[in-house]
Structure formats: structure tokens, C-alpha cells
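sharing a sequence plus its predicted fold:
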Amino acid sequence: MSALCDPPGAPGPPGPPPATHGPAPLSAQELSQEIKAFLTGVDPILGHQLSAREHARCGLLLLRSLPPARAAVLDHLRGVFDESVRAHLAALDESPLAGPPHLRPPAPSHVPAGGPGLEDVVQEVQQVLSEFIRANPKAWAPVISAWSIDLMGQLSSAYSGQHQCVPHAAGSLNELLQLWMGCRATRTLMDIYVQCLSALIGSCPDACVDALLDTSVQHSPHFDWVVAHIGSSFPGTIISRVLSCGLKDFCVHGGAGGGAGGAGGGSSQMPSTDPFPGSPAIPGEKRVPKIASVVGILGHLASRHGDSIRRELLRMFHDSLAAGIGGRSGDPSLQATVPFLLQLAVMSPALLGTVSGELVDCLKPPAVLSQLQQHLQGFPREELDNMLNLAVHLVSQASGAGAYRLLQFLVDTAMPASVITTQGLAVPDTVREACDRLIQLLLLHLQKLVHHRGGPPGEGVLGPPPPPRPVPFLDALRNHVGELCGETLRLERKRFLWQHQLLGLLSVYTRPSCGPEALGHLLSRARSPEELSLATQLYAGLVVSLAGLLPLAFRSCLARVHAGTLQPPFTARFLRNLALLVGWEQQGGEGPAALGARFGESASAHLSDLAPLLLHPEEDVAEAAASLLAICPFPPEALSPSQLLGLVRAGVHRFFASLRLHGPPGVASASQLLTRLSQTSPAGLKAVLQLLVEGALHRGNTELFGGEVDEDSETVSVVSASLASASLLDTNRRHTAAVPGPGGIWSVFHAGVIGRGLKPPKFAQSRNHQEVIYNTQSLLSLLVHCCSTSGGSEGRGCWGAPTLSPEAAKAVAVTLVESVCPDAAGAELAWPPEEHARATVERDLRIGRRFREQPLLFELLKLVAAAPPALCYCSVLLRGLLAALLGHWEASRHPDTAHSPWHLEASCTLVAVMAEGSLLPPALGNMHEVFSQLAPFEVRLLLLSVWGFLREHGPLPQKFIFQSERGRFIRDFSREGGGEGGPHLAVLHSVLHRNIDRLGLFSGRFQAASPSTLLRQGT
């Protein structure tokens, strides 16, 4: 009987049927009739054909009474479940309404009769099988679980795509799961399998899990909904047992390679774990499908149970290392664990991403690396090379935040112990050598991936080019370019070479984004020429692959600077390094010269963006910007007026800021920049001179050159606050009914406010006299360089400077007039009679006060006088100062001039400047030499003679002629009637005669010279 009912090769019955409360045990004759009816499908008593329901119940009766018939009965029940599923799907096709089965309308009449009536049979089958599992789970659970899981796989594959209500397997897994769990037959099979797994979960669930793996191999992806449901119900068990079964299969069928064979003898020593009774042995090619099934199942579970999968994988890894050197423990599966895990990671990026986050923490302890090194000693060389290649591939596929951590771990481990490891954390040299080799192979592998991203050579020849292949490891490093550059600049032996090469590969892979960013980071962080050379080397390696790299890097860095994302120290370093590179290029150096030239071109194209950096609040940034602009080449085409004016304004501001903070030694860059700007065009020269003079005379800078400033800010603020409520209209009404005009007779001089005291007095800033002289000479030197003509340097200025351009000196003169006395700008150059000064008393006093408050004005007049006839354009200032001095000497009642030291010095300087500017003949121009020996009224008489001479011989530029031999303009007083002094010398001679005892030796200085002498001296 057993031979008739069991299939060939099936084992004996698992045991007697369980005791049930069903029908009484059958006699031998009744049992024989039931077997005959089951085999033929005909009722032996009535002789009619059995219905599907009756036939199934007959099989259930045999299953209860005759256990050896289980294989045949279970095979018949496959058809019952298949018919039930077919009827359920047909009903769904006819009624497209969604919802639970009990809410759907009844099946139409043409649906096969056996369909709806089989639901009670399906329920009976579940009851019978559940009784068997509860009664003897160890015997029945493996058989029934294998049958149910295989049947679900067959049904899922058979009906996939055959009905419109069945979603495609590649679509939504939730829709597919909802469909099959809504079918009574498949839900019953799922419940049966879950019961089997629950019954064996505490003892040996490997048989159930192995059946799940086999079915997943055969029917994936249609079977994925089963895996998803079971895995969600038993995540811990499924994950651990799936990995365990996959490892056993991997080890049995040669997965461990030579190492496993050498340790345990291969598959001949391990019994078969196939749970299907009577099924033939699966050949050796089963290894790849089985591990593919493991990958698929774990991939489904990774989204919700990633932590459990990660813990289980790391547990397997640590357990294999705890066994020591491969083969010592006697368990080949422990030796095969590492290759198995590598194979899993290669086949599943999802599993690799799950583990990569904690892989570094797992490998960091030196003891783990030592155990791993000992564990791999038992593997043959070929197997080790294969695993190393797998590891290289896995690292190149690492993604997320774990990729950068993994790179740092490999680099740190491969570095010598004296550099990165502290005492007690040293790893064996073999481990370091292995990491060194791994990094080199990784860089080589990444180089192949980056430069061969388009696929095989023949791909895309007849069609569009294939899309570039992604490299997850390099994609993960996109956001760590700054960290990589920082590590590269540490210049630690091999470390910076590896990371520098990686930066180059990353730049080519992500072009054009990471290349300019990396170059910008290197330029903004390099602190020495050695570190700066890394930027030049990176550029040399990328210039062929990346077009326009330098302009992009320059623009990106400037964008970060103006956006405030680049910190001021890095901004200053970036600008200094650019200046250093451009300087190397200008000096004709080798190596980075080409890079310097390219950066000079980029900088010249962004002068408008660099100019605001001269006004940066951080001193280091502003000084670095000045250093760069001082040597940066200007564009070949002329600068636009807006660019030129912006650069000049920023450069002048930088000059005075450096002079205030660092003194004259700190203005070299700003002076060089302004000198170059003055040479670009006449407009540039005028703008530089004008802004320099205005800046030097500005109230905030006067103390740099020994000028007087207002009282301290506290006093000024108090007075301003007290006057805040004063009404300008009321003040004007008290003084006059008319609107006062400047220089008019109704002007009022306020010495203060009644009831509040006098105005705050002026005071000189407490700067060292030598410092004031040094600052003044720095300013004058810059002005001289800007005013110097390009031709000769033989002129004899009062500083021995080169010949000054009259046009440049004229610009200085005009600016002086506009700054000191704006309302007199554009006034006539001719001098009026001395009586006319009474109408300009207010203006003259204001001019005199400005000269007293700002001694720099005298030095600027000397500069203007050195380039005749530029001093003519300062006529209004000279006239106002002379009028103020005349008023003072007239009002003085002192016996000598020593009681008015400033007025004495101002009088001497004024006459000397006029003589230098060829406004006075030599005889009159020397009179200042005797001022200190005269009384105040005598000084006034001599100054009146100067006024009279200038009124008769006005300071007009038309009276000067150009002398080509000397390269400058001169004035021939002999051609002017009375130009040698004439009657105006009589006053001087009278004063000399009155003081002949003291001034007799000076008489020779005040004789009119002959015309030939005047021309020879050039006055």
C-alpha cells in the first residue's frame, strides 16, 4: 500500500496520524474503497464521477487514516487550491470593484461550479494540516511548510500577468500583497506556513527557511510578496536563518573556495539540508541562485529591519573572527563567513549601505584587525587576491556618510605608526601593508571607472552614447572636498599623495563642480610654497580634462568671499597665494609660472569684484587684496570709467588705512597699485591725484600729517546734543533779516554760543614729529611718482625727484583750491589791488586757518611749485594766505617777529614757494631770508611789495615758455616790463638800508639779475 501511495524516493511516514474528533477509524475494506475512489475519481458504490469537493474530502480522509498517502494527497490538494485561486481571480475580473472579498458581489453563473464551493474544502484542509502540526511539529512542519511555500510560489508565478486584476511583479509590492492576502486559498497557505515556522522557531527552523530560499530562487520576483509578509512577521528569525542557510549552501557548494576545501573536505562531509522529501539532489550550480535568493529576501527586509540585518551581519563577522585562524575550529562555515559576507555585499548595494555606516566602528579596534589578519592566514594566495579585489569593488560602491569615514580609516591604518597611532593602538605591519595595497588598488580601480565611464568601446557606436556609469564612492565624497583638501595639505608622507590623487579623480568625475572647488580650497588654505605647489600640481593634472578650470575656481572663490561663506583668514590666504603665483609668473620662474599667468588673466577679468576687498573690515584681507591688485595685470583693453574710479577710490582708502595702522612701511602695495592706475590713462592720473589730495586733507586723516582736529568726540557729542534743539531760522533772524551769503558783508563769525561758552578749541594730535615727517614724505613720494613724466629724470625738484608733469601738477593745484576754498574754485588768476582784500576778509581768514590747521598744505604747494606753471592755478590760495598774513603783521604790536612763530614760518614758506613756482623774480624771492631779523611792520611792507608785484605781473600760465633743453617751462622776467623787481625792490632796499648793521651781508642777494643769468638759472 505504501508503495502505491508514496512517490519514488520518499521517506516513510512521519508517524501515526493524530487523534482527532472526526469520523471513526476505517476498516480495511472501507480504506480500500476510499483509495480506489481517490485514484479513479469515481464513487465505487454509486459509480458516478466525484465532484471536486468530494474528491478533496476523500483525499483528506486518506490523509487522516493513511499517512503514507500524504505525498499523493498533498499533490492533489495543489489542484484544489489552484482551482480556488482561479475562481477568485475570475470573479475579480468580472467585478472590478475594490475592497474586501465579503463586500464584492457574488460570482456570475458562468463561473465554474467547483470554484466557490471549494472554500469550505480549503478550510477543512487548513484544519487537518493544523492538527497534524500541533500533534507532531517536528515530523509534519518541515513537510507541510515545504508544500505550502512551494505551492504559493507556483500560484504566484502561474497567475502573474494572466489577469487584469493581478499587478505586475515589478510594480507596487503592497498592491500585490493586498491582492493575494484577499484570496482565501493563498491566505490559508500563508497561515499554514506561518504555523509551521512558529512551531519550529524554538528548535530548528532551518528546514522552513531553506524551503523559503529555494522557492524564492525559482519564482522570484512573483514570490516577493510572500517573502515580504513572512519577513515582517518573523524578522529576527528570518534574517538569522536566511543568513545561516545561505552560509551553509555557500560553504557546501564550494563557496569558501580553496580555504574551505582545505579545512573541511568540501561538501562530501556535510549532510544535505534539502527539506523536500523525495526531491532529487540539486547540482552544484545551486550556489549562485541560493545566495541570490538570500540577497533578495534581505533586500526586501532592509528598508524596515535594516538595524536587525546590520546586527546579524556584524555578529556573523565577529563570530568567525573569534574562531581564530581559518580551519582551527573545525567548522568550515566559520572560515567561509568572510567570503560569504563579501559576496553578499557585492550582490546587494542595499546590504552594503546597511553595514557601511558601522563598518568603520567595527574594524577600528586594533584587536579586530589582528584577528582578521590571523583569520585570513589559512586562505591560499589566489583566494586572498580574489577577496582583495572584492573589497576594492565594495569600497568603490560605498555610499553615504560611511564612505568618507571608510576612506579615513583605510588611510589612517595604512600610515606608519609614528604618524597617526598612539601607544597601545599599533596594528601589525602586515595589516598596514594590506591597507596600503588596498588603497593603491582602489585608486587604480577608480581611475579606470572615471576614465572609462561610457561603457565598452563598441557600445553606443550606432546609437546615442550610453549614460555615464555612476561611482557611488566618488558621489559620496562630493560633500567632503574641503576635508580632503585639508588632509592633503598636512603633507604626511603617503597620505597627501593618495588624497591628492583622489582629488584629481573626483574633479574629473564630477566635472565641472568639484575641480574648481578643490582648487579653491587648496589656494585658500595653503600656508607655504610647498603646500601651494599642491594646487599647481592639481591644475597641471586637470588642465587637459577640464576646460576653463581657473576662471571657474576664481569665480567660485570670489562668490564665496562676497557671500560671507569663506572666512576672512582663508580669504586673506587665498589672495596672498594668488599674488604669490602672479609674482612667480612675472619673475619668469618655472613650474607654477603658467598657473600664475592664467590666474593673472582671471584676476584682471574680475577687477570690479576685487576692488571692494580693499575696503574689507578685516585688515589682513584688505592688505592681501592690495598685494594682489598691485601686481595683477590690467586687461589689455582700457578700463571702463566705473572700474577705474572704483579701483582708485578703494586704493586711496587702502593707502590711508595702511598708513594709519602700519605706517609708511605698510603702504607699499597700495602705493604701487595707485601708481599703476595713474599710468593707465589721463583720467586715471587725475582721479588718483584728486582723491589722494582730498583724502590727505580730509578731517579724519589730518592728524597723520600733523594737522589739528576738533576736540575729542565726547566733547563734540555733548555740544552737539546741547545744540540739537537750536533753530537755524531763529539764529539767522537774530543776526540779519537777509539771507547771508559766503564772503558777503553780512557774514557773521560765531565764536561760540552765549550761555554755552566758546567753540571747542582745536588741538594737534599727539603724534611723534618724526612720524609726521615720515607720513608726509610717503604721501609726497607717491604723488611725485604719479606726477612724474615718462621721459626724463633729470629735473631738479626740491626733493631731487624726476621731472614732474605740469598737467599732473595742475590737477593737484585745482584739487587744492577745491578742497580748501570751494567757493573760490574757478576764480580769476590775476591779482586785484590790495584794497580788494577788504571784501574777502572771511574767505582769507578761512584760508589762513586751514593752512594753520593743516601744515601739509605747504608741502603740497611746494610740490605744485616744482612743475611750473601749475602754481598759477593756486593763485586764490596764495592771495588769501598773503592777505591773512598781512592782516596779522599789521595788527601785531610786538617789537620782533619771534612772538609769531607760525606766521613767520608761513610768510617765509609762502615767498619761497612763489619763487620756486616762478611767480617772483629771484631778487624778490629771496626776501624771506631776512624776515626773522625784521620787525612785524617791516615784514608787512615787504609782503605788500610782493602783492604789488603780483598785481602788476599776474601769475598767468601764458607768461611761461617751454625750454626743450631742460624739459620744463620757465619764465623770463626780463621780457616783462619791470619784471626784475624794479620799483618793488626799492622797499626791500630801504629796509636793508635801515638795518644795515645787521643785514648788510644780505645785500648781494637782492640785486636784479641780468637776462642771461635768468635764462641760465631757469628761475
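It's in.

right, and G541 touches G504 too?
Yes. With contacts counted by CB atoms under 8 Å, G541 reaches G504, the gap being 4.9 Å. For every residue, glycine as well, the C-beta is placed using N, CA and C.

with neighbour numbers in mind, choose between these two.
G504 (21 against 17; other CB atoms under 10 Å).

would the more buried one count as being in a helix?
Yes. Under the criterion used here (DSSP: H, G, I helix; E, B strand; the rest coil), G504 sits inside a helix.

may I have the residues that are in contact with it?
Counting by CB atoms under 8 Å, 6 or more residues apart in numbering, G504 touches L538, G541, L542.

ok, these vs L659, which is closest?
Closest approach to L659 among the contacts of G504 (CB to CB): L538, at 38.7 Å.

now the closest one: which helix or strand?
Using DSSP states H and E, L538 sits within helix 529-542.

G887 too?
Per DSSP H and E: helix 875-891 holds G887.

can I get that helix in CSV, CA atoms only?
C-alpha atoms of helix 875-891 as CSV (Å, rounded to 0.1, in the frame of the first residue of the first chain):
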residue,chain,number,x,y,z
SER,A,875,46.5,131.9,-7.1
VAL,A,876,43.4,132.3,-4.9
LEU,A,877,45.0,130.3,-2.1
LEU,A,878,48.2,132.3,-2.3
ARG,A,879,46.3,135.5,-2.3
GLY,A,880,44.1,134.5,0.6
LEU,A,881,47.1,133.4,2.7
LEU,A,882,49.0,136.5,1.9
ALA,A,883,46.1,138.7,2.8
ALA,A,884,45.7,136.9,6.1
LEU,A,885,49.4,137.3,6.9
LEU,A,886,49.3,141.0,6.0
GLY,A,887,46.4,141.4,8.4
HIS,A,888,48.3,139.7,11.2
TRP,A,889,51.5,141.7,10.7
GLU,A,890,49.6,144.9,10.6
ALA,A,891,47.8,144.2,13.9
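
just checking, next helix/strand downstream of that helix?
With DSSP H and E setting the assignment, the helix or strand that follows helix 875-891 is helix 901-916.

between helix 875-891 and that next one, find me the angle.
Helix 901-916 runs at 140 degrees relative to helix 875-891, counting by axes from the mean of the first three to the mean of the last three CA atoms, to 10 degrees.

pull the distance from helix 901-916 to the chain's centre.
62 Å (CA atoms, centre = their mean, to the nearest Å).

in it, which residues are buried?
Using 16 or more other CB atoms under 10 Å as the test for burial, helix 901-916 gives 903-916.

export the residues you listed to a markdown table and tack on pLDDT and distance to S528?
Formatted as a markdown table, the buried residues of helix 901-916 follow (pLDDT from 0 to 100; distance: CB to CB, whole Å):
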| residue | pLDDT | distance to S528 |
| --- | --- | --- |
| H903 | 93 | 59 |
| L904 | 94 | 58 |
| E905 | 94 | 53 |
| A906 | 94 | 55 |
| S907 | 94 | 59 |
| C908 | 94 | 56 |
| T909 | 94 | 52 |
| L910 | 94 | 56 |
| V911 | 93 | 58 |
| A912 | 93 | 54 |
| V913 | 94 | 52 |
| M914 | 93 | 57 |
| A915 | 90 | 57 |
| E916 | 91 | 52 |
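
just give me the closest of the residues you listed to T702.
Minimum distance to T702 across these is 17.0 Å, recorded for A906 (CB to CB).
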